[in-house]
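In: sequence and predicted structure below; questions after.
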Amino acid sequence: MSNAGSPGKKRYSAYHYGILGARSFLALQSYGGNYAFDGKAYTLTAIYNDGTLRIYATWPSGRIPSLSEGVNPLKQIQYDTILVAGWVIGSSLQAWCEALTALRGAVERTARWRESLIAAANAHTLEDCTSGSISDRTVIEDRMAF
C-alpha cells in the first residue's frame, strides 16, 4: 500500500481493481456454464491515505447478459462498490490493531473464497473430462473467449 497519489486517484484504483477482481470471481463462479451470480461481494480492496485505511467491497450488479446475446458478458456487466469500513490508524494503538486485523481478515477471506471457487471449477472440469463431454478444443476455445 503506497501513500503516493491523491485520495481521488486511490479511490479510483480501488474501484478499478475491485471490478477486475469481481470479474474474475464471476468468471470462476460461472465456469463451464451460464453466468451465475449469487449477489455476494467476493472482492475486497483497500486503500491507505494520510493515516486512514479504507476497505471497499465490489460486486456485479444488474442483469448479466447471456452468451447468446452475442457479447462477452464479463465486459457488459455493471459493478457496484461500497465502503465497508475505515479507520484512522494514527489515532490510537487500538485503531491501528483493529485496522490491520480487518485488513488481514479481508485478505484471508478473499483467498478462501477464491480457493473455493477454483476447486468448484476444477471439479466441474474433471467431471466433464471423465464423462467425455469435453475435448481439448473446447478447453482452448473457452480460454480464448476472455
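Out: Arrived safely, thanks for sending.
In: okay, now residue 126: neighbour count?
Out: Residue neighbour count, defined by other CB atoms under 10 Å, stands at 11 for residue 126. The way it works is simple: take the backbone N, C-alpha and C, and place the C-beta from them, glycine included.
In: quick check: buried residues in the strand or helix carrying residue 126?
Out: Element membership for residue 126 (DSSP states H and E) is helix 93-131. Neighbour-count burial for helix 93-131 flags 95, 96, 99, 102, 103, 106, 110, 113, 114, 117, 121 (criterion: 16 or more other CB atoms under 10 Å).
In: nearest residue to the first one in space, please, no chain neighbours.
Out: Leaving aside its sequence neighbours, residue 95 sits nearest to residue 87 (CB to CB, 6 or more residues apart in numbering; 5.2 Å).
In: what is the burial count for that neighbour?
Out: 23.
In: mind saving the C-alpha coords of the helix or strand harbouring it as PDB?
Out: Remark: residue 87 resides in strand 78-88, with elements defined by DSSP H and E. Extracted C-alpha coordinates of strand 78-88, given in PDB (Å, rounded to 0.1, in the frame of the first residue of the first chain):
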ATOM      1  CA  GLN A  78     -22.100  -3.100 -14.300                       C
ATOM      2  CA  TYR A  79     -20.500  -3.200 -10.900                       C
ATOM      3  CA  ASP A  80     -21.100  -1.500  -7.500                       C
ATOM      4  CA  THR A  81     -18.500  -0.600  -4.900                       C
ATOM      5  CA  ILE A  82     -19.200   0.500  -1.400                       C
ATOM      6  CA  LEU A  83     -17.100   1.500   1.600                       C
ATOM      7  CA  VAL A  84     -17.200  -1.400   4.100                       C
ATOM      8  CA  ALA A  85     -15.100   0.200   6.800                       C
ATOM      9  CA  GLY A  86     -12.500   2.800   7.600                       C
ATOM     10  CA  TRP A  87     -10.000   3.500  10.400                       C
ATOM     11  CA  VAL A  88      -7.900   6.500  11.300                       C
END
